[in-house]
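[1] pasting the structure only:
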Ligand SMILES: [Zn+2]
């Protein structure tokens with residue numbers, strides 16, 4: 001009669017199981033990243049709310065804490081990847097492969113973004129984490145860290161599972177990578193749509209699309225208006241902390257540059273606010289790089 005006992009673990013061997021694990025692992029690994037941010041904020045006594053794809057810090061942070069909070073997320077992602085690799089190392093099953101693949105999604109995403117956009121993470125998170133480690137703020141140490149971890153995790157997976165590179169495997173990996181990208185983008189979009197209105201009084205990034213602070217107008221440039229504009233994240237690689245530093249260091253010079261540019265600037269399609277902002281931003285970025 002034993003043969004008729006229902007196999008209670010049959011669902012674990014269902015062919016779709018690794019895909020379910022994969023999707024869950026992506027969501028969980030993103031959440032671990034956000035928990036990393038929030039854990040550091042909590043340690044310093046600042047209120048913070050982790051959500052599946054974004055951390056919401058409810059009070060302005062001092063510079064040093066801001067840097068540590070940025071680093072916390074990076075450590076979260078690294079920890080998730082190491083945990084996935086360790087779990088696979090214990091027993092290389094299909095589901096554990098899927099789990100590691102899920103934990104590799106964020107590093108893979110950062111690598112792809114680094115290649116396409118020159119920086120693995122939006123905003124200034126990587127720059128701040130680098131500063132927290134005593135590295136150069138504008139360097140690429142964290143970008144390269146994730147490139148390295150992604151490549152190492154891939155090699156480790158091939159070694160531990162003994163997988164042979166076949167066309168079938170290549171096909172599965174491509175489907176997996178596309179699936180991961182879709183899950184990651186959907187997760188972020190849904191997360192922001194749900195939680196931004198709840199926890200964020202003003203949008204943090206993408207002011208070019210949402211219409212953030214105006215580029216200071218000709219004749220109205222002050223150190224404060226420049227700082228507000230830069231702190232909004234509109235200019236690549238500059239966030240609130242760095243904006244304050246720049247304005248402190250180059251205050252009068254920056255006022256002069258912005259005044260000159262806003263007077264002289266002739267932009268094609270300047271009637272479109274977003275295009276105008278991009279043109280001005282590029283000019284400002286060029287001018288800043290000569291200052292730095
Ligand atoms: Zn983060």
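    Nice, thanks for sending it over. No experiment lies behind these values; they were computed from the predicted model shown. Numbers count the residues shown, from 1 in each chain.

[2] For the helix or strand hosting residue 147, name the packing helices and strands.
    Secondary structure assigned from DSSP states H and E places residue 147 in helix 141-161. On a contact count with 3 or more Cβ pairs under 8 Å, 6 or more residues apart in numbering; DSSP states H and E, helix 141-161 meets helix 63-90, helix 94-103, helix 105-117, helix 125-132. (Glycine included, C-beta is placed from N, CA and C.)

[3] Next, the angle helix 63-90 makes with it.
    If you take axes from the mean of the first three to the mean of the last three Cα atoms, to 10 degrees, helix 141-161 sits at 10 degrees to helix 63-90.

[4] Tell me which residue of this structure lies closest to the ion.
    Minimum separation of the chain from the ion (Cβ to the ion) falls at residue 73, amounting to 3.5 Å.

[5] What is the longest helix of this protein by residue count?
    Longest helix in the chain by number of residues, with DSSP state H as the criterion: helix 167-199.

[6] Report all helices and strands that that helix contacts.
    helix 17-43, strand 48-51, strand 54-57, helix 94-103, helix 105-117.

[7] now it, how far from the chain's geometric center?
    How far helix 167-199 lies from its chain's middle: 13 Å, per Cα atoms, centre = their mean, to the nearest Å.

[8] picking that back up, JSON lines for the helices and strands packed on helix 141-161, including mean neighbour count?
    JSON lines is the format used below for those (neighbours: other Cβ atoms under 10 Å):
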{"stretch": "helix 63-90", "mean neighbour count": "20"}
{"stretch": "helix 94-103", "mean neighbour count": "23"}
{"stretch": "helix 105-117", "mean neighbour count": "19"}
{"stretch": "helix 125-132", "mean neighbour count": "24"}
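
[9] Dump these into JSON lines; add distance to residue 181 and mean pLDDT as well.
    Below are the helices and strands packed on helix 141-161 laid out as JSON lines (distance: least, Cβ to Cβ, whole Å; pLDDT from 0 to 100):
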{"stretch": "helix 63-90", "distance to residue 181": "16", "mean pLDDT": "95"}
{"stretch": "helix 94-103", "distance to residue 181": "12", "mean pLDDT": "93"}
{"stretch": "helix 105-117", "distance to residue 181": "7", "mean pLDDT": "92"}
{"stretch": "helix 125-132", "distance to residue 181": "20", "mean pLDDT": "93"}
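
[10] Please consider this matter closed, and thank you.
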